[in-house]
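Trainee: Only the shape, not the letters, is given here:
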C-alpha cells in the first residue's frame, strides 16, 4: 500500500496535467493534496479523481478568513472510506479518513499546517493529535511548514533568511539572535509519531523547492512529512522523496511517498 502527500503549488499553477502524471507515475493508494486551490469546483475535483483512478475523495476548504483564502486540502483513495471528516479549526485545512488495509484499519490525516508562526502550528498539532488518538494505526502527513531537529540545519542558515523566513522558522534568543525553531515537529514526535524519513536515513532529502520556484520562502528544506504511529513502524517498507524530470516542473514541492506492507 502506497501513501503519498503532495503540495501542488496553487492548485497546479504550472498546469494540472503534470501533477496528474506525477501522481499516476507513483500510483498511490491514498493521496493528500495540499494547495488544492480550485478544487472547490466540482468538475476539477472529479476530473482529478477520474484521471488518477482514485474514486473516493474529500475536500476541506481553507479555514483562513481572507480574500485569497484558497489553500484547500483534498484526499483521494482507491480504497473506500469507512469514515471521513474535516478537521477544524485550522488556518489552512485538514481531513481525517479511515480506511481498511490488508493489515487492518488505518486512520490518516492529510493536513497543511499554518504557514506563519510556529506557535500556531503547535496548537494545530494538538488538535490533530486529539482527533487521531483513538486509532492504533494512524498516519499524519502533509506540508507541516516546519523544520525538523533531525535534519542537520546549521544556525548560520538564518543569516540568509528574509523577513518571511525569519517569522516562519525562527524566534529571537536571549542575546537577540534569531534561533531556528523545531517545536512543532518535536511535539509531533513527543506524541508518539515516527518520522518515516528517519527509518531510512533520508531526513536530509529536502522537499522544497523544485527547479521551478527558488522563491523567498524556501531554502532546500524538508517541509513535507509522513508520520506514522508505533503500531505501523514495522509495516513501513520504503520512503521516497520523488525527484525526477516530471516532479521538477509539476510543482514547487516534491511529493513524498511511503510504502506500507506486511
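Mentor: Received it, and whenever you're ready, just let me know what you need. Bear in mind the structure is a predicted one, so any value in this text is a computation, not a measurement.

Trainee: Going by C-alpha atoms from here, please, whenever you check contacts or count neighbours.
Mentor: Fine.

Trainee: can you list contacts of the longest helix anywhere in the chain?
Mentor: In the chain, assigned by DSSP state H, the helix with the most residues is helix 118-132. Identification of contacts with helix 118-132 by C-alpha atoms under 8 Å, 6 or more residues apart in numbering yields 87, 90, 96, 107, 109, 113-115, 138, 144, 146, 168-169, 181, 183-184, 187-188, 191.

Trainee: can you map out the strands along the stretch 51-200 of the chain?
Mentor: Assigned by DSSP state E, counting those that start in this stretch, the strands in the stretch 51-200 of the chain fall at 56-60, 73-77, 81-86, 93-101, 104-112, 138-143, 170-172, 178-180, 194-195.

Trainee: Return the most buried member of those.
Mentor: Of the strands of the stretch 51-200 of the chain, the one with the most neighbours on average (mean count of other C-alpha atoms under 10 Å) is strand 73-77, at a mean of 26.

Trainee: so it versus strand 81-86, what angle?
Mentor: Between the axes of strand 73-77 and strand 81-86, defined by axes from the mean of the first three to the mean of the last three C-alpha atoms, to 10 degrees, the angle is 170 degrees.

Trainee: Which elements pack onto strand 73-77?
Mentor: Here strand 73-77 touches strand 30-34, strand 56-60, strand 93-101, strand 104-112, going by 3 or more C-alpha pairs under 8 Å, 6 or more residues apart in numbering; DSSP states H and E.

Trainee: So what are the sheet partners of the second one and their directions?
Mentor: In this case it means strand 56-60. strand 73-77 (antiparallel) (DSSP bridges).

Trainee: what do you get for the third one?
Mentor: Strand 93-101 has these partner strands in its sheet, going by DSSP bridges: strand 81-86 (antiparallel), strand 104-112 (antiparallel).

Trainee: Where does pLDDT dip in the stretch 151-262 of the chain?
Mentor: Judged against pLDDT under 70, the low-scoring parts of the stretch 151-262 of the chain cover residues 174-176, 214-218.

Trainee: Start from the N-terminal end of it and give the helices.
Mentor: Remark: helices assigned in the stretch 151-262 of the chain by DSSP state H, counting those that start in this stretch are 163-169, 183-190, 245-250.

Trainee: closest to residue 39 out of those helices?
Mentor: Of all these, helix 245-250 sits nearest to residue 39, with 16.8 Å by C-alpha to C-alpha.

Trainee: Quick check: buried residues in the closest one?
Mentor: Across helix 245-250, burial judged by 16 or more other C-alpha atoms under 10 Å covers 247-250.
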